[in-house]
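J.: I need the structure of the sequence given here:
(2 chains)
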Amino acid sequence: MKRLFVLVGLLALALLLVACPGQQATPQVTKIVETQVVEVTRIVEGTPVVEQIIVTATPPPAAPEPVTLNINWGTEPPTLDPSLATDTTSVGLIEEMFLGLTDLDDETMEPVPELATEWSANEDNTVWTFKMRDDVVWVKYNPSTGEVEQELDENGNPRIVTANDVVYGVKRTCDPTTGSDYAYVLYIVKGCKDLNTTEADPDSDEFKALYDAVGVRAVDDFTVEFTLEYGAGFFPQIASMWIARPQPRWIIEEKQERWIEAGFIVTNGPYTLSEWVHGDSIVLVKNPHWYGWKEFADEAGNIERIFGLMIEEASTEFALYEANELDTAGVPLEQMERVKTDPVLSKEYVNQPINCTYYYGFITKKPPTDDVRVRRALSMAIDRKTLVEEVLKGGQIPANTFTNPLNFGSPAGDPEVAPWALPEDMGGWGYEKAVEEGRKLLEEAGYPDGAGLDILLMHNVSEAHARIAEAIQAMWKSAYPEMNVTIETQEWRVYLKTIDIDSPLEDKPNVYRLGWCADYPHANNWVHEVFNPTEGANEPMLTTDDPQVGDLVAEFDQTTKQAQTASQEEQLELYKRAEQLLVDEIAAIAPIYYYTRNGLAKPWLKRVWGDPGRLHIWKWSIDVEARNAAMGK
Amino acid sequence: MTVQTRTARLLEAQPERRGRSPLADAFRQLLKNRLAVVSGIFIIVLLLVALFADTAIFTLFTGGEARQLLAPYPYDETNFKYHDLGIMERAEDGRLFILGTDALGRDLLSRTLYGARVSLAVAIVASLVSLVVGLAYGLISGYSSTRVDNLMMRFVDFLYGFPFIIFVILMQVYFKALSRRGGAGFAQFLVDLDKSMGGLLFIFIAIGLINWIGMARIARGQTLSVKEKEFIEAARAIGASNRRIIFRHVLPNILGPCIVAETLAIPGYIFLEAFLSFIGLGVNPPTPSWGLMISDSFRALTVRPHQVFVPSLALTLTTLAFNFLGDGLRDAFDPRLRGE
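T.: Here you go, the predicted model:
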């Protein structure tokens, strides 16, 4: 042992001697090689790319730093594939990278030209023809040069976005082998449902016939024609959706599901993907070949690079915003009062309604919520006004309908629909009267004061949802003191599976939480596509053979189907009836509030606040000097 | 002469020494440890607070209505208008909230006092379960033949291989699914019992089911060393039955170290409950648990720090107290440190 210590000591001494060559030592002069070419092999998405890096002693004058926008995408996007996206993060990213036939105006939500310059329909709105522009190119980010390059075909000509790309995109969404969860929105296109629901083998002739029969075709290179199942005046709004966008067939067929990765993905929008560090960040860069930079020069901003993080915690996002690490952010619940009163933050604060509704759904097959009286009583005992004013404090609006007021056909705020959900100053019953009625209903149903009523309420993990759930639990307990409410939480993906219509009933709660944001601003996207018992997602499990409300469900089914082909005035009536059925008479859901955006933007950022899924970052601009000054650079 | 007096003194002193039982000895030793005494008093006070936060303990016998005794308000009384009050702030209707209110306007002091009930219940029940199961298992294993001992201990090793936290989480997920699906017979009885306890029962089971394995190892080790002692041989030589040897000779001698080990494990249980509640797998809201209260408010740390500090302080002090008490007990029971 002792010998070991001596050894270690000697070694340390030797090291010391080597490390300190003495004070007299003069700095060594080494000759600096002027230029040197170094070969570096980088792996870009599995493909080795050999790069030649020129190393010089004195760096060449640096190119000006690209104008970078720092934002938070909010989470890792599950996909960037337009056919597969279902969530706002994916859709928001796709919106920046892929152009649609139409776009929606930031304020009016009316369809405006994008790829299509004009469109027309036949008399009964069943055949729609879109004329497309011919100067949109497919581009790809080249990681070795750092440039966005035009995609070339086999002959070396730049690839142009054509009607065939649109046809491919639409058919790919309908194709069951793609596995799109949003294909049902395109069921409006003739043959899409047949293809999407077919059991035929993908290689069989039957399948090919179905594939060819989908009602979308390229009349010529820049004209695309849709044939619909029924006449729909809102089809141009559906044409703006990501699931109906042109897609680059050659790259999808070559790379399969990996085509959305950085280095592979081919896009046509104002920005394209340059880097995707999974779970950490996504970087988009400007596509200089996009026609809009010249054509809409007066509207376009100056953002050349978008650096987006994936932070899920609202409070972390807010802290980064306060540290100038993000240029724009949302306001977490607990900071709401501070933001509103703080002299600096209150000026950066934006509060405006957005096209989303927060609601609780009832599983109508699981006792005790299989009783319509129980469902109505529960919905009545939610004090929506107190909830938005004292718990949420973000200017949200109490909801009495599912369809958000920003949509065509929404009867929101109309006291003829579920008046008990509205406070007195909005023409409704007010909370006290609603609770009184609810007590009567519960007594009828055999639960006086809620005795014997045992409700399981489930929501996905989130602080805001938990707070709302606890508040509503307290409201129910104070209205019906004997009832028992259990709250359970699940992680988002598990949660979605639990409440899916096809998952086993015994795993389901009585009450589930969800929100819905418009894909296109029309009531059809709400009452029909979410709750129609045959063609919607239908999480409450509505059926026409329900012993209590079967007839009403049948009426609801008919109403939302009729509304699709009805005239505009008739639609208003029909959608109102549908909401009365959905919220009041069947009480499949309890709408709670209409969302508002509680956003913050730094003074140096000029941005538009449109639809949450359409950021339109190309319109934003940053005053870089002001930002640098604020950050002390 | 001198020899005789010394012997006489020894004889006089002897009965006194014999009168001190090992337990009393340990207790005397414990009293000398000031930190342990303070901790013990703290835990006793906490226990009283938990029992008498309201009068529920008496209503069990009278069937009457539970009223508040120590806690100013019921833990689930929600006043949406008076949310986020500060310390010693009065609401508009003149009610005083000594430690302020949380985001839903519930009194923080009341919730913290009720929270002691959850934490202490977990501490006591989980440690009792683990002590009883682990002690019995270890004793049987240590006292049995080598083959049985081997078999039983390999099973414990096997359980040790499980990632502990994940196992508890899985169990909680299973129990939650069970209570959602409902069951028949005994399962339904457990589900109902759990609901009436605010979700506590399944936490007891989950924590207790896992923690006995450490106790089993300690108990087995102690048994192995005790059963070779001469007094066991003596007992066996005079024909004592196995049962008598286990209960009269082995058990009393291994109990001390086991209790000490269990006391030191209690802070772990309290933390585990807080952790489970923090990630949403613990007690059902609105049942207050310190972990749940922290998870409700930790994001507002910069804006309303007292909402986090109150339950955190309670949690910290309680775990510290159990740790100090456990340390004191170990010193008191350890013969090598005695008499210094």
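
J.: Measure how buried the residue of the stretch 201-340 of chain B found nearest chain A is and give me the count.
T.: Using Cβ to the nearest Cβ, the closest approach of the stretch 201-340 of chain B to chain A is made by residue B:300 at 3.7 Å. Every C-beta, even on glycine, is put in place using the N, C-alpha and C of the backbone. Using other Cβ atoms under 10 Å in any protein chain shown, residue B:300 is surrounded by 22 other residues.

J.: Run the chain-centre distance for the helix of greatest length in chain B.
T.: If you go by DSSP state H, chain B has its longest helix at helix B:108-143. What separates the centre of helix B:108-143 from the centre of its chain is 4 Å, taken as Cα atoms, centre = their mean, to the nearest Å.

J.: can you give me how far the helix or strand hosting residue B:317 is from the chain middle?
T.: Per DSSP states H and E, residue B:317 falls inside helix B:306-333. From the chain centre to the centre of helix B:306-333 is a distance of 12 Å (Cα atoms, centre = their mean).

J.: I'd like to know which elements that helix is packed against.
T.: Applying 3 or more Cβ pairs under 8 Å, 6 or more residues apart in numbering or on different chains; DSSP states H and E, one finds that helix B:306-333 contacts helix B:22-32, helix B:34-52, helix B:108-143, helix B:251-278, helix B:290-297.

J.: which of those is buried the deepest?
T.: helix B:290-297 (a mean of 25; mean count of other Cβ atoms under 10 Å in any protein chain shown).

J.: do that helix and chain A meet at all?
T.: Yes - applying Cβ under 8 Å from any Cβ of the partner chain, one finds that helix B:290-297 is in contact with chain A at residue B:296.

J.: And the average pLDDT for that helix is what?
T.: Averaged across helix B:290-297, the pLDDT comes to 86.

J.: burial measure for residue 209, as a count.
T.: Defaulting to chain A. Using other Cβ under 10 Å, residue A:209 is surrounded by 14 other residues.

J.: hm, I was asking about chain B
T.: Neighbours of residue B:209 (other Cβ under 10 Å): 17.

J.: Next: residue A:296.
T.: Counted with other Cβ under 10 Å, the neighbours of residue A:296 add up to 13.

J.: so what's it up against?
T.: Contact analysis of residue A:296 by Cβ atoms under 8 Å, 6 or more residues apart in numbering or on different chains lists nothing.

J.: Okay, it and residue A:397: tell me how far apart.
T.: 33 Å (Cβ to Cβ, to the nearest Å).

J.: circling back to that earlier point, in CSV, list the helices and strands packed on helix B:306-333 along with distance to residue A:84.
T.: Shown next, in CSV, are those (distance: least, Cβ to Cβ, whole Å):
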stretch, distance to residue A:84
helix B:22-32, 66
helix B:34-52, 53
helix B:108-143, 44
helix B:251-278, 34
helix B:290-297, 34
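
J.: Dump stretch B:224-232 to CSV, restricted to CA.
T.: Extracted C-alpha coordinates of stretch B:224-232, given in CSV (Å, rounded to 0.1, in the frame of the first residue of the first chain):
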residue,chain,number,x,y,z
LEU,B,224,-29.8,-16.0,11.3
SER,B,225,-27.4,-14.4,13.8
VAL,B,226,-29.8,-14.8,16.7
LYS,B,227,-30.7,-18.4,16.1
GLU,B,228,-27.1,-19.6,16.6
LYS,B,229,-26.8,-17.9,20.0
GLU,B,230,-26.4,-20.0,23.1
PHE,B,231,-29.7,-19.1,24.7
ILE,B,232,-31.5,-20.5,21.7
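
J.: mean confidence score for that stretch?
T.: Mean predicted confidence for stretch B:224-232 is 89.

J.: for it, which positions count as buried?
T.: Neighbour counts over stretch B:224-232 (16 or more other Cβ atoms under 10 Å in any protein chain shown) mark B:226, B:227, B:232 as buried.

J.: Also stretch A:503-518?
T.: Under 16+ other Cβ under 10 Å, the buried positions of stretch A:503-518 are A:508, A:509, A:510, A:511, A:512, A:513, A:514, A:516, A:517, A:518.

J.: Which members of the residues you listed are positioned in helices?
T.: Among these, no member falls in helices (DSSP H).

J.: And those, which is closest to chain B?
T.: Using Cβ to the nearest Cβ, the buried residues of stretch A:503-518 come closest to chain B at residue A:509, 6.8 Å.

J.: and the closest residue to the closest one other than its chain neighbours, what is it in contact with?
T.: Residue nearest to residue A:509 in three dimensions, not counting chain neighbours: residue A:458, with 3.7 Å by Cβ to Cβ, 6 or more residues apart in numbering or on different chains. Going by Cβ under 8 Å, 6+ apart, residue A:458 touches A:487, A:488, A:489, A:490, A:495, A:498, A:499, A:509, A:511, A:512, A:513.

J.: Can you redo those residues as JSON lines, where the extra columns are pLDDT?
T.: JSON lines is the format used below for those (pLDDT from 0 to 100):
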{"residue": "A:487", "pLDDT": "90"}
{"residue": "A:488", "pLDDT": "88"}
{"residue": "A:489", "pLDDT": "85"}
{"residue": "A:490", "pLDDT": "84"}
{"residue": "A:495", "pLDDT": "88"}
{"residue": "A:498", "pLDDT": "89"}
{"residue": "A:499", "pLDDT": "90"}
{"residue": "A:509", "pLDDT": "93"}
{"residue": "A:511", "pLDDT": "96"}
{"residue": "A:512", "pLDDT": "96"}
{"residue": "A:513", "pLDDT": "94"}
